[in-house]
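Visitor: Build me a structure from this.
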Amino acid sequence: MEPDSADEQVDITFPDGSVSGSDHADIHARLSALVGHASTLEPLRPISDLDFYRRHKLDDHTWLDELKATFDREPDEPLPDFSQLPQSMVDYVSVPGTFF
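Guide: Model prediction:
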């Protein structure tokens, strides 16, 4: 469900049982420590913000260039066959209106 406003906060329960609000000053640091790398919590963008959800940004590279960078491969190892991917998976990182 899309939030009604950017000011809505949610409570996050951590594995140790502690609870922190998404609007708490140290929430980004706590989430980063939990997952082991820098992380930020952001509100869900509206479904109409399609550029945010795009797999590739509108610049000089293609979705395939971006996808190649995603896979850890040996120097001459080919990419998997992506020819059967649905167009929505080519265009978007996630279904517009959702994000993980």
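Visitor: Surely residue 12 is in a strand?
Guide: Yes: assigned with DSSP: H, G, I helix; E, B strand; the rest coil, residue 12 falls within a strand.
Visitor: Can you report how many residues lie near it?
Guide: Counted with other Cβ atoms under 10 Å, residues neighbouring residue 12 total 16. Where you see a C-beta, it was placed from the backbone N, CA and C, and this is true even at glycine.
Visitor: Excluding chain neighbours, what is closest to it?
Guide: The shortest distance from residue 12 to any non-neighbouring residue, by Cβ to Cβ, 6 or more residues apart in numbering, is to residue 20 (5.5 Å).
Visitor: ok so the one you found is a helix residue?
Guide: No: per three-state DSSP, residue 20 lies outside any helix segment and is strand.
Visitor: Can you report phi and psi for residue 34?
Guide: Backbone torsions of residue 34, given as degrees, to the nearest 10, read phi -60, psi -40.
Visitor: so it sits right up against residue 18, yeah?
Guide: No: look at residue 34 against residue 18 with Cβ atoms under 8 Å: they stay out of range, at 10.9 Å.
Visitor: These two: which is more packed in?
Guide: Between residue 34 and residue 18, counted using other Cβ under 10 Å, the more crowded position is residue 34 (12 against 9).
Visitor: Model confidence for the more buried one, exactly?
Guide: Residue 34 is assigned a pLDDT of 94 by the prediction.
Visitor: Can you name the residues that contact it?
Guide: Neighbouring residues of residue 34 by Cβ atoms under 8 Å, 6 or more residues apart in numbering: 14-15.
Visitor: let's see 7 Å
Guide: Residues near residue 34 by Cβ atoms under 7 Å, 6 or more residues apart in numbering: residue 14.
Visitor: Do you know the pLDDT at the residue located most distally from the centre of the chain?
Guide: Each residue of the chain has a distance to the centre, and by Cα atoms, centre = their mean the biggest one is for residue 76: 28.6 Å. Confidence at residue 76, expressed as pLDDT, is 86.
Visitor: contact partners of the least confident helix or strand in the chain by mean pLDDT?
Guide: The weakest-scoring helix or strand in the chain, judged by mean pLDDT, DSSP states H and E, is helix 63-70 (a mean of 72). Residues outside helix 63-70 that contact it (Cβ under 7 Å, 6+ apart): 55-56, 79, 82, 90.
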